[in-house]
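Peer 1: give me coordinates for this.
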Amino acid sequence: MMLDIEILADDAMREEGVDRKKVMAILDKGLRNKMPEVDVYEEVYREVYGDELTPEKCDQLIDMLYQGEEHGAKWSLEDTNNVASKLDIRFEQMPFTPEMFRVAMHIQYYDCAVPLKESGKDMSNTDWGRMAKFYFMADDEDGSRLVDYYFQKIRNKVKKEM
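Peer 2: Numbering: from 1, shown residues only. All right, here's what the predicted structure looks like:
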């Protein structure tokens, strides 16, 4: 599994602005209640990083994506940064990082490419970038969507490994 609670707890102790007592309370609750590791990890992760997926977690999520024979990275960070530049996306003004934008492009691609191709629609990288931006900016979306998606994929992976 891709979760290392020891590393996350160490990060929590070093990150500025993290309520260390709350992190310890989460770990204590997890041990006392014999909670699944993924649940404890997610609670601590959200306490430390909130709605932001770290660059490492972004890469892990991309590695988990697939559709048919196709899987993993389709675009590099440089590729998606070029798309963001064409779309005049200024990351410092957005609720997502360059790495999170890259993940969203991949999610949209893996979720939508097959039906779009079957409909005769050919999407450019810029089109996928627009869809990635919309992934975060749609009126009915909250800021934790990508983190929710990551932990959903982790839970699915854990179930398959059982």
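Peer 1: ok, which stretches of the protein are strands?
Peer 2: Shown for the chain, the strands assigned by DSSP state E span residues 66-67, 70-71.
Peer 1: what residues sit buried inside the longest helix anywhere in the chain?
Peer 2: The helix of greatest length in the chain, counted in residues with DSSP state H as the criterion, is given as helix 98-118. Buried residues in helix 98-118, counted by 16 or more other Cβ atoms under 10 Å: 98-110, 113. For every residue, glycine as well, the C-beta is placed using N, CA and C.
Peer 1: going along the chain, name the helices of the chain.
Peer 2: 5-14, 20-32, 37-49, 55-64, 77-86, 98-118, 125-137, 145-161.
Peer 1: returning to that earlier point: what angle do the longest helix of the chain and helix 145-161 make?
Peer 2: Comparing the axes of helix 98-118 and helix 145-161 via axes from the mean of the first three to the mean of the last three Cα atoms, to 10 degrees yields an angle of 70 degrees.
Peer 1: quick revisit: now, which of the buried residues of helix 98-118 sits nearest residue 139?
Peer 2: Nearest to residue 139, judged by Cβ to Cβ, of these is residue 104 at 16.3 Å.
Peer 1: so what's the spatially closest residue to the closest one that is not a sequence neighbour up against?
Peer 2: When the adjacent residues along the chain are set aside, residue 104 lies closest to residue 132, with 3.7 Å between them (Cβ to Cβ, 6 or more residues apart in numbering). Residue 132 makes contact with 80, 101, 102, 104, 105, 107, 108, according to Cβ atoms under 8 Å, 6 or more residues apart in numbering.
Peer 1: any chance of those residues in CSV, with pLDDT and distance to residue 37 too?
Peer 2: Output for the contacts of residue 132, formatted as CSV (pLDDT from 0 to 100; distance: Cβ to Cβ, whole Å):
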residue, pLDDT, distance to residue 37
80, 98, 31
101, 98, 29
102, 98, 27
104, 97, 27
105, 97, 30
107, 97, 25
108, 96, 30
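Peer 1: make CSV out of those residues and add distance to residue 146.
Peer 2: As requested, the contacts of residue 132 are arranged in CSV below (distance: Cβ to Cβ, whole Å):
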residue, distance to residue 146
80, 14
101, 10
102, 11
104, 7
105, 12
107, 8
108, 12
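Peer 1: now residue 69: how far from residue 114?
Peer 2: For residue 69, the distance to residue 114 equals 11 Å [Cβ to Cβ, to the nearest Å].
Peer 1: I meant to write residue 94 there.
Peer 2: With the distance defined as Cβ to Cβ, residue 94 ends up 28 Å from residue 114.
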